[in-house]
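A.B. asks: Build me a model from this:
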Amino acid sequence: MFRVLSDIFRYCFGFLERIANALFGHDFFIAYSRNDGAGYAESLDAALSEGFSVHFDSRDYPVGNDLGLLSKIRVRNSRHLVIVATPDALTGSTWVKIENEQFVAAKKPPFIVDVDGAVEEALHLPKSDKLSGWIESTRTRQDDGS
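C.D. replies: Just a heads-up that it's a prediction; the model follows:
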């Protein structure tokens, strides 16, 4: 009987938590490319979820909903955007760039996690219509050119 009550309590608490996150936003929104960043993003989600509210698409997007609208709302309502910067996130993914633009439009800078030096590699030939182009256009150069 205790186990049943415990399961009901967990379910109800989880439901209320999901409603609060949908209304008020998450501490973190993780943006990544599924092509080459899913494993890293899943590990990051697991680590951050131990103490924070985290939006993670494979868990938090209901099937059949308008992902463009949901993404816009959830990105803007999140306190922090963490971009898992893999080669495809930087030069191939349209979604990662859109999520970054939505976050930056709310006057908040993203956290960019450079996976295996992918940022420097992508900036050799940045694509203006992808995240690498945004990074190139916003980065500050030092006196030594770095």
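A.B. asks: quick one, longest strand in the chain?
C.D. replies: In the chain, taking DSSP state E as the definition, the longest strand is strand 80-85.
A.B. asks: Quick one: neighbours of Ser128, just the number.
C.D. replies: Burial of Ser128 is recorded as 9 neighbouring residues (other Cβ atoms under 10 Å). All C-beta spots, glycine's among them, are computed from the backbone N, C-alpha and C.
A.B. asks: Equivalent analysis for Val115, please.
C.D. replies: 19.
A.B. asks: quick one, what contacts the residue nearest to it when sequence neighbours are not counted?
C.D. replies: Closest residue to Val115 apart from its sequence neighbours, by Cβ to Cβ, 6 or more residues apart in numbering: Thr86 at 4.9 Å. Shown in contact with Thr86 (Cβ atoms under 8 Å, 6 or more residues apart in numbering): Tyr32, Ser33, Asn35, Asp36, Gly37, Tyr40, Val115, Asp116, Ala118.
A.B. asks: residue ranges with poor pLDDT in the chain?
C.D. replies: Applying pLDDT under 70 to the chain flags residues 1-24, 58, 60-69, 141-146.
A.B. asks: Run through the strands of it in chain order.
C.D. replies: Using DSSP E, strands in the chain cover 28-31, 54-55, 80-85, 111-114.
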